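> could you work out the structure for the sequence below:
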Amino acid sequence: MVIEHIPLEDELGDVLEKAMRHAHLNEHELANKADVAREKIRDAVDYRYDLTVEELHRLSNALRLNEVGLAALAQGRYPLPQISGLSFCLYPLRTPHGIGVANAYVVADCSLSSGLLFDCGSDAALLRRVWPKNIKRLDAIFITHSETEHVGGLRGLLSEFGSVPVFAPEGAALEGALSIGEGARLTFGGFEVKTLRTPGHVEAHNCYVVTSPRLPTAAPLVVSGDMLFAGSVGAPYFCRDRSAESLQRLFVQLPETTVVAPGHGPLTTIQNERRYNPFVT
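Prediction:
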């Protein structure tokens, strides 16, 4: 079991900014609706926090956010769960992206030297610096979406590992990739990878659910890309409504024991995010 002690993708200011976008409100409109000074909202979005408990309560109500999670973010104490129950090895590969990091993941049988790669980071050389030493071969590569920090390393990895099938969302227009959509199920060794089509952050976005059919009671893994983070969600660049629908699907269809491997930030679980994520009410 492990609790990851790495920074969250979003702070309170990021969450408030995304929540305003979801709610179709600007700072002036939110200030009126929540009875909180516009200057305080602007300061919070700029990472200068001076909000009282009562003001956070009113902002939560106005934005329809989980108040417990929002308050935890405001205090810098967002809870992260113990990660356990997986029947395979999960290797998070974290590489620099802007002022933060982007995540890729290798899933593998702990006794073998081959595995599945989910996303590719922004640069193959950076990814190789954090590559698990025992993984010598890739059986397949899965892409959640085609933003640079998730696909930039693809070409370099293919040059190194040779002919590896690459799977990407329908409409991602990723050269050489095979398109897979809702409900696709692919089997590699002891793993099954199921596709959930989750538009919202971008139009062509998949989440991938990884299970071991031979061990049906083990915890599933969902590689969530930029759909769901610990303590936040991806910005709805494509469509606010589709983003909300896609997020809801994860919490309806996946069991609470599911480990969430996001495109940015630490690992979490469906249970933890159902309890605390500001966007899950």
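
> domain assignment for the chain?
12-74, 89-276 (automatic domain parsing).

> so where's this structure shaky on pLDDT?
For the chain, the stretches flagged by pLDDT under 70 are 1.

> which parts of it are strands?
Ranges of strands within the chain are 89-97, 100-108, 114-118, 137-142, 166-169, 178-180, 185-188, 191-197, 206-211, 221-225, 228-229, 232-233, 259-262, 268-269, based on DSSP state E.

> quick one: closest of the domains of the chain to L80.
With CB to CB as the criterion, L80 lies closest to domain 89-276 of those, at 5.8 Å. Yep, even glycine has a C-beta here, placed from its N, CA and C like the rest.

> and the end-to-end length of the closest one?
For domain 89-276, the first-to-last residue distance is 26 Å (CA to CA, to the nearest Å).

> any idea what I83 is bridged to?
V2 (DSSP bridges).

> can you tell me how far it is from V106?
Distance, I83 to V106, by CB to CB, to the nearest Å: 16 Å.

> and Y91, by the same measure?
4 Å.

> now the common contact residues for those two.
115, 132, 135 (CB atoms under 8 Å, 6 or more residues apart in numbering).

> let me know which of the strands of the chain is the nearest to P7.
strand 100-108 (7.4 Å).

> can I get the closest one as CSV, trimmed to CA atoms?
Only the C-alpha atoms of strand 100-108 are listed here, as CSV (Å, rounded to 0.1, in the frame of the first residue of the first chain):
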residue,chain,number,x,y,z
GLY,A,100,4.1,20.9,-13.3
VAL,A,101,4.4,17.3,-14.5
ALA,A,102,2.6,15.1,-17.0
ASN,A,103,2.0,11.4,-16.2
ALA,A,104,2.4,8.3,-18.3
TYR,A,105,2.0,4.8,-17.0
VAL,A,106,3.3,1.3,-17.6
VAL,A,107,1.1,-1.6,-16.5
ALA,A,108,2.8,-5.0,-16.3
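
> okay, which residue is most central for the protein?
P262 (2.6 Å; CA atoms, centre = their mean).

> touching, that one and T268? I think so.
Yes: if you go by CB atoms under 8 Å, P262 and T268 touch, sitting 7.3 Å apart.

> quick revisit: can you convert the domains of the chain into CSV and add a column each for distance to E4?
Shown next, in CSV, are the domains of the chain (distance: least, CB to CB, whole Å):
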stretch, distance to E4
domain 12-74, 16
domain 89-276, 4
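
> need the winner for burial among these.
The highest mean neighbour count among the domains of the chain, using mean count of other CB atoms under 10 Å, belongs to domain 89-276: a mean of 19.

> how far is it from where the chain is centred?
Taking the mean of its C-alpha atoms, domain 89-276 sits 8 Å from the chain's own mean (CA atoms, centre = their mean, to the nearest Å).

> nearest to E245, of the strands of the chain?
For E245, the closest of those is strand 191-197, at 10.7 Å, according to CB to CB.

> list the pairing partners of that closest one within its sheet, with orientation.
Strand pairing for strand 191-197, using DSSP bridges, gives strand 185-188 (antiparallel), strand 206-211 (antiparallel).

> need these in CSV with distance to D241, can you?
Below are those laid out as CSV (distance: least, CB to CB, whole Å):
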stretch, distance to D241
strand 185-188, 27
strand 206-211, 18
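
> tell me which of those sits nearest to A125.
Of all the strands paired with strand 191-197, strand 206-211 sits nearest to A125, with 24.9 Å by CB to CB.

> give the residues shared as contacts by P262 and T268.
Residues touching both P262 and T268 by CB under 8 Å, 6+ apart: 229-230.

> which residues touch the closest residue to A62 other than its chain neighbours?
Distances taken as CB to CB, 6 or more residues apart in numbering put A34 closest to A62, at 3.9 Å, once the chain neighbours are dropped. By CB under 8 Å, 6+ apart, the contact set of A34 is 55, 58-59, 61-63.

> switch the cut-off to 10 Å
25, 40-41, 55-63 (CB atoms under 10 Å, 6 or more residues apart in numbering).

> just the ones of those in helices?
40-41, 55-63 (DSSP state H).

> the residues you listed into CSV, with extra columns for distance to R77?
Formatted as CSV, those follow (distance: CB to CB, whole Å):
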residue, distance to R77
K40, 21
I41, 22
E55, 18
L56, 13
H57, 17
R58, 21
L59, 18
S60, 16
N61, 21
A62, 23
L63, 20
